[in-house]
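**Student:** Mind folding the following:
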Amino acid sequence: MWEHRRVRFPRLFRKQDPEIRRLLERAVADVDRELAANLELTSLFDQTHQAVVLENGEFTRHRRTIEVGLDPAYRTLADLYTRIPDTESAMERRGPANSLRDADRAIIETWEGDARAAQRGLREALAAPRPSALARLLRQARGLLPSRR
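**Tutor:** Got it, this is the predicted structure:
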């Protein structure tokens, strides 16, 4: 008849390692704090029209941890952080009487709004329950199958 064997799928059914969870929490806290500081800097720019330098050290330091552990939030953050140089350049370009062109204002305000959304998304990604084993299996299977067009 049937042999009773325990089939193991360690990557699929394993509980999240507490050390990995601790690293994710640390990464989220550090990047969240950095985003808050950057939003404070953009607020300062809004008031003074003096260009500021936005921070990116914590995201650079925790980039791989967030990419592996919180992939959807990572993509949003990576896009946001690649747009920092354009945002800083828009802050530096000023016209007469310290005025801003509409296009530069749009770049800055878009970055600011996206930073707030990314900050929320990062917190939500950490707080979201871990996907079930079946959901992870289906996601893996979808990644292995070629997409139909």
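**Student:** quick one: residue 119 and residue 36 touch, right?
**Tutor:** Yes. Using Cβ atoms under 8 Å, residue 119 is in contact with residue 36, at 7.1 Å. C-beta here means a position set from N, CA and C on the backbone, and glycine is covered the same way.
**Student:** quick one, which of those two is more surrounded?
**Tutor:** residue 119 (23 against 13; other Cβ atoms under 10 Å).
**Student:** ok, that one - contacts?
**Tutor:** Residues near residue 119 by Cβ atoms under 8 Å, 6 or more residues apart in numbering: 32, 35-36, 39.
**Student:** Recalculate using a threshold of 10 Å.
**Tutor:** 28, 31-36, 38-39, 73, 76-77, 80 (Cβ atoms under 10 Å, 6 or more residues apart in numbering).
**Student:** elements contacting the top helix by length along the chain?
**Tutor:** Longest helix in the chain by number of residues, with DSSP state H as the criterion: helix 18-48. Contact partners of helix 18-48 among helices and strands, from 3 or more Cβ pairs under 10 Å, 6 or more residues apart in numbering; DSSP states H and E: helix 57-69, helix 71-82, helix 84-92, helix 102-127.
**Student:** Need the ones you listed in JSON lines (columns: mean pLDDT and distance to residue 137).
**Tutor:** Formatted as JSON lines, the helices and strands packed on helix 18-48 follow (pLDDT from 0 to 100; distance: least, Cβ to Cβ, whole Å):
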{"stretch": "helix 57-69", "mean pLDDT": "94", "distance to residue 137": "18"}
{"stretch": "helix 71-82", "mean pLDDT": "94", "distance to residue 137": "16"}
{"stretch": "helix 84-92", "mean pLDDT": "96", "distance to residue 137": "37"}
{"stretch": "helix 102-127", "mean pLDDT": "96", "distance to residue 137": "20"}
